[in-house]
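Undergrad: I would like to see how this sequence folds:
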Amino acid sequence: MDFKVMGLDAPLFSALQHMLDAAAADDSDKSVSAPTRTYVRDAKAMAATPADVMEYPNSYAFVIDMPGLKSGDIKVQVEDDNVLVISGERRREEEKEGAAKYVRMERRVGKFMRKFVLPENANTDKISAVSQDGVLTVTVEKLPPPEPKKPKTIEVKIA
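TA: Residues are numbered from 1 along each chain as shown. This is a model prediction of the structure:
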């Protein structure tokens, strides 16, 4: 249905026409432009997990606040040889029968995740993670700088 043919050329009707045209388009076009639920969930988890990244002479440090989490609730992984992934889940405490009920619940629960692309000089074989007082510190050692190449000497033979 074209609203312009019917003499309705207002911006509101143009917007409605655009929405109807978009709804009538192929589902394949729609799925390409719309983000998946997994993508949206991961994006929210990453946005809600602030981190500090520091560079020292011999290492990189990633510091993330994780109050109330046990070490079993936190995963530290390396993907694709250079992507550091810190993830986990904070669960809501189960309510017990006859116990107090929540009046207000402000602490964040759910999954969290952060991904960091490591620099080329990061040694992914030497990564350590320590959680102390609700703060997770992941330390990634640096590779030693490459030694400068020595010039190759070629002996000249007299024929």
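Undergrad: Please count neighbours and contacts with C-alpha atoms only from this point.
TA: Noted.
Undergrad: just to confirm, which helix or strand has K115 in it?
TA: Under the assignment given by DSSP states H and E, the secondary-structure element containing K115 is strand 110-117.
Undergrad: Sheet partners, orientation included, of that strand?
TA: Here strand 110-117 is paired, per DSSP bridges, with strand 83-90 (antiparallel).
Undergrad: CA-only coordinates of the strand it pairs with in PDB, if you can.
TA: Output of strand 83-90 as PDB, limited to C-alpha atoms (Å, rounded to 0.1, in the frame of the first residue of the first chain):
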ATOM      1  CA  VAL A  83      42.700 -12.400  23.000                       C
ATOM      2  CA  LEU A  84      42.500 -12.400  26.800                       C
ATOM      3  CA  VAL A  85      38.900 -13.200  27.900                       C
ATOM      4  CA  ILE A  86      37.800 -12.700  31.500                       C
ATOM      5  CA  SER A  87      34.300 -13.900  32.200                       C
ATOM      6  CA  GLY A  88      32.100 -15.400  34.900                       C
ATOM      7  CA  GLU A  89      28.700 -15.100  36.600                       C
ATOM      8  CA  ARG A  90      27.400 -13.500  39.700                       C
END
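Undergrad: Need the residues that contact that strand.
TA: Residues from elsewhere that reach strand 83-90, judged by C-alpha atoms under 8 Å, 6 or more residues apart in numbering: 69, 73-79, 108-118.
Undergrad: so F112 touches P50, yeah?
TA: No. Taking contacts as C-alpha atoms under 8 Å, F112 lies outside contact range of P50: 9.9 Å.
Undergrad: Now E93, what are its backbone angles?
TA: When read as degrees, to the nearest 10, the backbone of E93 gives phi -70, psi 140.
Undergrad: measure it to V103 for me?
TA: When C-alpha to C-alpha, to the nearest Å is the yardstick, E93 and V103 sit 14 Å from each other.
Undergrad: which SS class is Y39?
TA: helix (DSSP: H, G, I helix; E, B strand; the rest coil).
Undergrad: can you pull out the strands in the protein?
TA: For the chain, the strands identified by DSSP state E occupy 52-55, 59-65, 74-79, 83-90, 110-117, 122-132, 135-142, in order along the chain.
Undergrad: got those as JSON lines, with distance to T153 columns?
TA: Formatted as JSON lines, those follow (distance: least, C-alpha to C-alpha, whole Å):
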{"stretch": "strand 52-55", "distance to T153": "39"}
{"stretch": "strand 59-65", "distance to T153": "36"}
{"stretch": "strand 74-79", "distance to T153": "42"}
{"stretch": "strand 83-90", "distance to T153": "41"}
{"stretch": "strand 110-117", "distance to T153": "40"}
{"stretch": "strand 122-132", "distance to T153": "33"}
{"stretch": "strand 135-142", "distance to T153": "32"}
